[in-house]
Structure formats: structure tokens, C-alpha cells
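K.L.:
have a look; sequence and predicted model below, questions after that.
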Amino acid sequence: MTDVIKNIESIRPLIPDGVRLVAVSKTKPAAMIQDAYSVGQRLFGENKALEMRDKHAQLPDDIEWHFIGHLQTNKIKYIIPYVTLIHSIDSLSLLQAVNKEAAKHDRVVDCLLQFHIATEETKFGLDRAEADELMQHYAELPNVRIVGVMGMATNTDNKEQVRSEFRNLHSIFVDLKSKYFADRPEFKEVSMGMSHDWQIAVEEGSTLIRLGSTIFGPRDYGVKVND
């Protein structure tokens with residue numbers, strides 16, 4: 001039994017019903033993804049479009065590929081034919097570009113609105129005013145479907161700060177649900193929580209947790225990957 005399999009089987013009993021695990025496989029080889037797949041894991045997250053494309057070509061067709069990184073518009077075409085969920089819509093222009101590419105493939109692509117909830121300026125994401133502006137144009141985009149929100153908390157040991165940021169994201173979700181998606185049952189996802197803070201995220205209402213190092217070990221920063 002490989003470490004990946006052991007890690008998957010250790011984490012599963014800790015995840016409550018209603019929360020799904022996205023195994024973040026960025027920089028990891030297809031063989032490690034296959035190990036996780038062999039024990040039933042089907043949701044995998046990547047943050048580089050070309051790396052995702054290459055892995056998709058090597059692995060089983062029933063994998064649900066989640067794109068979780070900052071998506072460049074010139075790379076959208078590499079993931080649209082098969083991506084299950086894009087977590088990182090952080091502008092109206094990006095959503096419009098995804099819609100345009102999805103139309104070429106006669107697909108409706110599920111997306112999450114990414115919000116900036118952390119103190120670090122380096123993290124991407126919408127604020128509420130930008131989200132409201134985006135929603136004014138949503139009806140014009142038939143090839144995308146907004147199904148929830150995503151956010152990343154500050155990388156800090158201050159658990160109360162992390163909790164507050166996750167709570168803020170969940171309140172944004174509730175507000176958007178009431179304002180724009182009250183009659184849309186598909187708007188149900190709150191993607192928050194990574195290897196170091198997922199337990200807090202679950203307590204604050206996460207439905208999708210994105211775990212990388214907990215499953216696959218430390219990220220291989222020395223590995224050159226396609227972007």
C-alpha cells in the first residue's frame with residue numbers, strides 16, 4: 001500500500017457527510033493520481049492548465065477535474081473540453097472568456113466565484129461590488145453556470161483569523177444565494193479549506209476541501225511543469 005493510499009484512507013473517516021474532497025495533485029505524477037483513483041478518489045485539482053491537459057490525457061475518463069489556480073484567458077481552451085469545475089473565476093472578463101470557449105464545445109461549464117477574503121494582497125479574488133457587477137451580466141452567458149463560491153484564508157497560525165475569514169466567505173455565499181440564486185438549487189458549493197486549515201473550513205460550512213500535501217506529501221517545487 002502506497003503512502004497516497006494510506007493518506008486517502010486515513011482522511012476519509014474525518015470528512016463529514018456533505019463535504020467532498022478535492023485531491024490537489026499539482027506537480028505530482030500521474031502514477032500518484034492513479035493510486036488515489038484506485039481507492040475511489042475521483043475529484044482532482046490542478047492549478048496549471050497545460051499540466052491538467054497532459055494528466056487528463058493519461059488518466060481515466062471518469063475523473064472530475066477541478067481547476068483551482070489563477071486561470072489565464074489564453075489557457076482556457078486547454079481545459080474547457082473536459083473540466084468539471086473551475087473554482088477561480090475572479091473577474092467578469094474571465095467568466096465571459098470561459099463562456100465564449102465553452103460555447104465552441106457546446107458545453108455549460110460549472111464555475112465558482114473566487115472572493116478575496118485574506119489579508120495577503122497576493123491572493124486573487126472578487127470583492128462584493130465586483131461580484132454584484134458580474135451578476136448584472138450573468139444572464140448574458142448561457143455557457144457557464146455559477147454554482148457557488150471559493151476563497152483562501154490568510155496563511156497564518158491565528159486560527160481565529162482563519163475562522164473569521166471562512167465565516168465571511170460563507171456569509172457572502174448566503175447573501176448571494178438569497179439575492180441572485182434563491183431558485184437555483186445548483187448554487188450550493190462553498191470551496192474553502194486546504195491541508196492546514198480544512199477542519200476549520202468544514203466547521204464554517206465548506207462543501208469542498210482542497211487537500212494536497214495531506215494526501216500527496218509536500219509539493220515538488222523543483223519539478224518543472226507545463227503552464
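P.N.:
Received it, and whenever you're ready, just let me know what you need. Only a predicted model underlies this, so the values are computations on that prediction, with no experimental measurement involved.
K.L.:
quick check: buried residues in the lengthiest helix in the chain?
P.N.:
The residue-count maximum for a helix in the chain (DSSP state H) belongs to helix 159-180. For helix 159-180, the neighbour count (16 or more other C-beta atoms under 10 Å) marks 162-163, 165-166, 169-170, 172-173, 176 as buried. In short, each C-beta sits where N, CA and C put it, glycine included.
K.L.:
now these in TSV, with pLDDT?
P.N.:
Formatted as TSV, the buried residues of helix 159-180 follow (pLDDT from 0 to 100):
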residue	pLDDT
162	97
163	98
165	97
166	98
169	98
170	98
172	98
173	98
176	98
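K.L.:
turn these into JSON lines, including distance to residue 26.
P.N.:
Shown next, in JSON lines, are these (distance: C-beta to C-beta, whole Å):
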{"residue": "162", "distance to residue 26": "22"}
{"residue": "163", "distance to residue 26": "26"}
{"residue": "165", "distance to residue 26": "23"}
{"residue": "166", "distance to residue 26": "22"}
{"residue": "169", "distance to residue 26": "22"}
{"residue": "170", "distance to residue 26": "26"}
{"residue": "172", "distance to residue 26": "26"}
{"residue": "173", "distance to residue 26": "25"}
{"residue": "176", "distance to residue 26": "28"}
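K.L.:
my guess is residue 181 meets residue 189, correct?
P.N.:
No: at 11.2 Å, residue 181 does not count as touching residue 189 under the criterion of C-beta atoms under 8 Å.
K.L.:
out of the buried residues of helix 159-180, the closest to residue 126 would be?
P.N.:
Closest approach to residue 126 among the buried residues of helix 159-180 (C-beta to C-beta): residue 172, at 9.2 Å.
K.L.:
next, the contact list for the closest one, please.
P.N.:
By C-beta atoms under 8 Å, 6 or more residues apart in numbering, residue 172 lies in contact with 115, 128, 131, 149.
K.L.:
then residue 80?
P.N.:
98, 101-102, 104-105, 107, 109 are the contacts of residue 80 under C-beta under 8 Å, 6+ apart.
K.L.:
export the longest helix of the chain to CSV, keeping only CA atoms.
P.N.:
Taking only C-alpha atoms (Å, rounded to 0.1, in the frame of the first residue of the first chain), the coordinates of helix 159-180 have been written out as CSV:
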residue,chain,number,x,y,z
LYS,A,159,-6.9,30.2,13.9
GLU,A,160,-9.5,32.8,14.9
GLN,A,161,-8.5,35.0,12.0
VAL,A,162,-8.8,32.0,9.6
ARG,A,163,-12.2,31.1,11.1
SER,A,164,-13.3,34.7,10.7
GLU,A,165,-12.3,34.8,7.0
PHE,A,166,-14.0,31.5,6.3
ARG,A,167,-17.1,32.7,8.1
ASN,A,168,-17.0,35.8,5.9
LEU,A,169,-16.9,33.7,2.8
HIS,A,170,-19.9,31.6,3.9
SER,A,171,-21.8,34.8,4.7
ILE,A,172,-21.1,36.0,1.1
PHE,A,173,-22.4,32.7,-0.2
VAL,A,174,-25.6,33.0,1.9
ASP,A,175,-26.1,36.6,0.7
LEU,A,176,-25.6,35.8,-3.0
LYS,A,177,-27.9,32.8,-2.6
SER,A,178,-30.6,35.0,-1.3
LYS,A,179,-30.1,37.8,-3.8
TYR,A,180,-29.4,36.0,-7.0
